[in-house]
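Novice: Quick one, what's the 3D model for this:
(4 chains)
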Amino acid sequence: MIVVGPARINAAEQFAALSAGGAGGIATFVGLVRADDGVATLELEHYPGATEAALQRLVDEARERWGLIDARITHRVGAMAPGDVVVFVGTAAAHRAPALEACAFLIDRLKTDAPFWKKETRGGETRWVEPRGSDDAAAARWSV
Amino acid sequence: MIVVGPARINAAEQFAALSAGGAGGIATFVGLVRADDGVATLELEHYPGATEAALQRLVDEARERWGLIDARITHRVGAMAPGDVVVFVGTAAAHRAPALEACAFLIDRLKTDAPFWKKETRGGETRWVEPRGSDDAAAARWSV
Amino acid sequence: MLYFAWVRERIGRGSEVVDPPGEVVTVADLIGWLADGSAVHSAAFADRTRLRAALDQVFVPLEAVLGSAREVAIFPPVTGG
Amino acid sequence: MLYFAWVRERIGRGSEVVDPPGEVVTVADLIGWLADGSAVHSAAFADRTRLRAALDQVFVPLEAVLGSAREVAIFPPVTGG
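Specialist: Numbers count the residues shown, from 1 in each chain, chains lettered A, B, ... in the order given. Reported below is the predicted structural model:
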């Protein structure tokens, strides 16, 4: 299930939904606004329609490739503060290896394949975040 | 933080504790009693003292190897029913790669390094679970 | 046309409707044609290596042929997650 | 001695105190000595490939020298998580 919107992400709720399917293993990754590097606010922009479609393609690919019981991505957009959850990725499978691999796949590929843009304000200055080269490398390792 | 005991594991509480440290990424793995393969009850035995020490060694190794902000393992022992959480593993780091890798490391190595034994009852028959060969392979890939 | 992030900010709007001539075949042609016609677009598109595109909501390289696409989006490399 | 899982069940107790003679040097020697002295231990220890051990709470191979260890545990391969 894919959700993109401005509402605060409740990781416990997401987790409960993943647990409902009878899985033996659930892997999750949560990205937060770091509280330790001076960012005062983070603003997330997305491409309505295209973003949801990109996330759905990733979830579909993960479900098929790892035979998942469930996979969920919830990504927040709009203004956020340090400590806020930006993204929740969760996978449920019969065993741990597919759950863990699919979870890493989803967050790695989300970073390069889904149209989101981050703007951060620190020390009164606002700038658009530059992509990290390591993100391309992380996404590329999932190519088949 | 290491907890081994008979109390029901509250994943949301564990998750909240990991979020408190200012991390940019939190990875978790939860192992559950599978509801889909006919197991009626699962009983977990451990080696008091040695089990906690083994888990603490794994957490210490993960914290040092991946520079984690936090790492937690909570493992339940005693009688459990399908859908119950057996183990919660969680890691918090500045970025996603160390959190994801350390989480996979902890659950892979827990499977081979920590003294727990599972006894399952299905269809009225009770048997001790045999280890899976794939567990040794999964643990071995973390050797340095 | 749809613009996102700093491309949107520099152009000063999130969307516009354009009607390029027949010799505009690829996304890169379209970017060049828009830059030729406006100093604002020219400034926003100054560094092509920092631009990415989507045709009808699917990521494409700048060399992609526009074809019958109805929605063209121009934006910086993505930084979500 | 501490026993866990089906080793404990087959021996019928979780712990016992033993005082092996001097020629018992390794964990394997200790297992052999216990099996020689009791049919119950002999049955529990029948397949050595399915036995694992710890000395003073640290996993060791069956060939490990007992040395001054005070707590020896015998158990099947672990299956937690």
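Novice: and whichever residue of chain C sits closest to chain B, what is it in contact with?
Specialist: The minimum distance from chain C to chain B, using Cβ to the nearest Cβ, falls at residue C:81 (7.5 Å). Using the backbone N, CA and C atoms, a C-beta is placed for each residue, glycine as well. By Cβ atoms under 8 Å, 6 or more residues apart in numbering or on different chains, the contact set of residue C:81 is A:31, A:75, A:86-87, A:107, A:110-111, A:114, A:116, B:96.
Novice: can you do 6 Å?
Specialist: A:31, A:87, A:107, A:110-111 (Cβ atoms under 6 Å, 6 or more residues apart in numbering or on different chains).
Novice: Closest one of these to chain D?
Specialist: Nearest member of the contacts of residue C:81 to chain D, counting by Cβ to the nearest Cβ, is residue A:107, at 22.6 Å.
Novice: Could you look up the SS state of the closest one?
Specialist: helix (DSSP: H, G, I helix; E, B strand; the rest coil).
Novice: Hmm, it is touching residue A:27, no?
Specialist: No - applying Cβ atoms under 6 Å, one finds residue A:107 not in contact with residue A:27, separated by 10.2 Å.
Novice: mind listing the helices in the chain by residue range?
Specialist: The chain I'm using is chain A. A:11-19, A:50-66, A:96-113, A:133-140 (DSSP state H).
Novice: Wait, chain C was what I had in mind.
Specialist: Counting by DSSP H, residue ranges of the helices within chain C are C:5-11, C:27-37, C:39-44.
Novice: For chain A, give me its nearest residue in chain C.
Specialist: residue C:80 (2.6 Å).
Novice: Wait, that residue touches residue A:112, no?
Specialist: No - judged on Cβ under 6 Å, residue C:80 makes no contact with residue A:112 at a distance of 9.1 Å.
Novice: Can you tell me which helix or strand of chain C has the lowest average pLDDT?
Specialist: Between all helices and strands in chain C, the lowest mean by mean pLDDT, DSSP states H and E belongs to strand C:58-60, at a mean of 95.
Novice: what is the residue of chain A found nearest chain C paired to in the beta sheet?
Specialist: Sorted by distance to chain C under Cβ to the nearest Cβ, the residues of chain A start with residue A:116, at 2.6 Å. Applying DSSP bridges to residue A:116 gives these bridge partners: residue A:46.
Novice: and it, what does it touch?
Specialist: So residue A:116 contacts A:44, A:46, C:78, C:80 (Cβ under 6 Å, 6+ apart).
Novice: Could you find the closest non-adjacent residue to the first one?
Specialist: Yep, that's residue A:44 we're talking about. Counting by Cβ to Cβ, 6 or more residues apart in numbering or on different chains, the nearest residue to residue A:44 once its immediate chain neighbours are dropped is residue A:77, at 4.5 Å.
Novice: pLDDT score assigned to the one you found?
Specialist: Looking at residue A:77, its pLDDT stands at 98.
Novice: Any idea how many residues pack against it?
Specialist: 19 (other Cβ atoms under 10 Å in any protein chain shown).
Novice: That one and residue A:47 touch, don't they?
Specialist: No - in this structure, residue A:77 is not within contact of residue A:47 by Cβ under 6 Å, at 10.2 Å.
Novice: how much space between the residue lying farthest from the centre of chain A and residue C:79?
Specialist: Distance to the chain centre peaks in chain A at residue A:124, reaching 27.4 Å (criterion: Cα atoms, centre = their mean). Distance from residue A:124 to residue C:79, counting by Cβ to Cβ, to the nearest Å: 21 Å.
Novice: Check residue A:121 too.
Specialist: 15 Å.
Novice: more crowded one of residue C:80 and residue A:112?
Specialist: Between residue C:80 and residue A:112, residue C:80 has the larger neighbour count (other Cβ under 10 Å), namely 28 against 20.
Novice: For that one, give me its contacts.
Specialist: Contact analysis of residue C:80 by Cβ under 6 Å, 6+ apart lists A:114, A:116.
Novice: shouldn't residue A:119 be in contact with residue A:128?
Specialist: Yes - counting by Cβ under 6 Å, residue A:119 touches residue A:128, with 5.2 Å between them.
Novice: And for the residue nearest to residue C:75 when sequence neighbours are not counted, the neighbour number?
Specialist: With sequence-adjacent residues excluded and distances taken as Cβ to Cβ, 6+ apart, residue C:75 is closest to residue C:4, at 3.8 Å. Residues lying near residue C:4 (other Cβ under 10 Å) number 22.
Novice: residue contacts, residue C:4?
Specialist: Residue C:4 neighbours (Cβ under 6 Å, 6+ apart): A:45, A:47, A:117, C:75.
Novice: Give me the neighbour count for the last one.
Specialist: Residues near residue C:75, counting by other Cβ under 10 Å, number 23.
Novice: List the beta-bridge partners for it.
Specialist: Counting by DSSP bridges, the residues bridging with residue C:75 are residue C:52.
Novice: Residue A:113 contacts residue A:54, correct?
Specialist: Yes - using Cβ under 6 Å, residue A:113 makes contact with residue A:54 at a distance of 5.4 Å.
Novice: neighbour-wise, which of the two wins?
Specialist: Using other Cβ under 10 Å as the criterion, residue A:113 and residue A:54 rank with residue A:54 on top: 27 against 16.
Novice: Could you double-check that residue A:28 lies in contact with residue A:92?
Specialist: No - using Cβ under 6 Å, residue A:28 makes no contact with residue A:92, being 9.6 Å away.
Novice: shared neighbours of the two, anything?
Specialist: Counting by Cβ under 6 Å, 6+ apart, nothing touches both residue A:28 and residue A:92.
Novice: Could you find the closest non-adjacent residue to the residue of chain A found nearest chain D?
Specialist: For chain A, the residue closest to chain D is residue A:96, as judged by Cβ to the nearest Cβ, at 7.5 Å. Among residues not flanking residue A:96 along the chain, residue A:25 sits closest, at 4.0 Å (Cβ to Cβ, 6+ apart).
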